[in-house]
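Novice: Provided below for reference: sequence and predicted model.
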Amino acid sequence: MNTGLLHLHNLLRWVILITLILSIAKLLTKQDALKTSKILLISAHTTLVLGLYQYFFGPSGFQLIRQMAGGMKELMKDAAGRFWAVEHITSMILAIILITIGHIKYKKGGKPGTTMVLYLVALLLILSAIPWPFRAGIGRPWLPGM
């Protein structure tokens, strides 16, 4: 079950990236971005729920902290462990908060520029916290099952 959830979590990152980029492009060109923004919001929150489940019940995340002999102090010295237990989850939660705020502001008729800035910061956070295949020690495949 954990493998299937991990694959779904991995696959949904592409939905988030594509809809986030489409939303930013639509906001830049002053097109209506409400539909792509809603898809972005739903996929981001779904991915968050899957990620939180994996964090607390999977082998990465909270289990790393519990298994480490020195606890969090020792985990922070290990780059891969720190990424999974702290950096990945923190960056992604912040990005999803920004996506949520941006969607709500846009839906309520706020300035598209504000939403675009929030989405751009969220995109940067997401890109920095994805375990890309080329990242040593933490890399995951481009697509599930590869």
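Specialist: Looks like it arrived, so ask away.
Novice: chain center to the lowest-mean-pLDDT helix or strand in the chain: distance?
Specialist: Lowest on mean pLDDT, DSSP states H and E among the helices and strands of the chain sits helix 62-67, with a mean of 78. Helix 62-67 sits 21 Å away from the centroid of its parent chain (C-alpha atoms, centre = their mean, to the nearest Å).
Novice: so what secondary structure elements neighbour whichever helix or strand comes after that helix?
Specialist: Per DSSP states H and E, the first helix or strand lying C-terminal to helix 62-67 is helix 72-75. Applying 3 or more C-beta pairs under 8 Å, 6 or more residues apart in numbering; DSSP states H and E, one finds that helix 72-75 makes contact with helix 62-67. (C-beta placed from N, C-alpha, C; glycine too.)
Novice: can I get the helix it packs on in PDB? Just the C-alpha atoms.
Specialist: Extracted in PDB, the C-alpha atoms of helix 62-67 (Å, rounded to 0.1, in the frame of the first residue of the first chain):
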ATOM      1  CA  PHE A  62       8.800  10.800  11.300                       C
ATOM      2  CA  GLN A  63      10.100   7.200  11.400                       C
ATOM      3  CA  LEU A  64      13.600   8.600  10.600                       C
ATOM      4  CA  ILE A  65      13.500  10.800  13.700                       C
ATOM      5  CA  ARG A  66      12.300   8.000  15.900                       C
ATOM      6  CA  GLN A  67      14.900   5.500  14.600                       C
END
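Novice: got the buried residues for that helix?
Specialist: Across helix 62-67, burial judged by 16 or more other C-beta atoms under 10 Å covers 62-65.
Novice: likewise stretch 7-23?
Specialist: 9-10, 12-13, 15-17, 19-20, 22-23.
Novice: wait, doesn't residue 50 sit right on residue 11?
Specialist: No: counting by C-beta atoms under 8 Å, residue 50 sits too far from residue 11 to count as a contact (10.1 Å).
Novice: quick one: the strands in the protein?
Specialist: Ranges of strands in the chain, per DSSP state E: none exist.
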